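**Q** Structure of the sequence below:
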Amino acid sequence: MDDTRPVIPTKPFAFAWWASKGNRIWAWGAILAVTVGSALSLGGHYIIKELTNAAAEVDVASADSVDRLWFWAIAYPALVFISQMTWRGSGFCGMRWVTTTSATIHEELFRYLTHHS
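**A** Numbers count the residues shown, from 1 in each chain. Next comes the predicted model:
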């Protein structure tokens, strides 16, 4: 058993950052996935606008207008699917980050306590 005591930060944010030392890739993955998921969710409003405009301007005689309508009609479910997968990815990364950081906290605090008389 090693006799070195870990230096544990006393400030909450510094402690959380210290405890996440080996798991920061999961933290950054979760933050990035939430950012991308939020941006994609906002893009849905634009696609609905374009879909509505394409439907209003459809001319059965013109193949271009029907193609434009089909493009936006397919783009919306595709965006929703990608957005939902991004949100699920954020949940997976966040779960990995929180559980491994929690285990690190328990191990380090137990190690700290065992070095006291």
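**Q** any idea of the pLDDT on residue 66?
**A** Looking at residue 66, its pLDDT reads 87.
**Q** Give me the secondary structure label for it.
**A** helix (DSSP: H, G, I helix; E, B strand; the rest coil).
**Q** what number of residues lie near it?
**A** 14 (other C-beta atoms under 10 Å). Heads up, the C-betas are built off the backbone N, CA and C, glycines and all.
**Q** same for whichever strand or helix holds residue 98, what does it pack against?
**A** Taking DSSP states H and E as the criterion, residue 98 maps to helix 63-114. Contact here means 3 or more C-beta pairs under 8 Å, 6 or more residues apart in numbering; DSSP states H and E; on that basis helix 63-114 packs against helix 12-19, helix 24-56.
**Q** export these to TSV and tack on mean neighbour count, mean pLDDT and distance to residue 81?
**A** Listed next are the helices and strands packed on helix 63-114 as TSV, based on neighbours: other C-beta atoms under 10 Å; pLDDT from 0 to 100; distance: least, C-beta to C-beta, whole Å:
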stretch	mean neighbour count	mean pLDDT	distance to residue 81
helix 12-19	13	87	33
helix 24-56	15	93	10
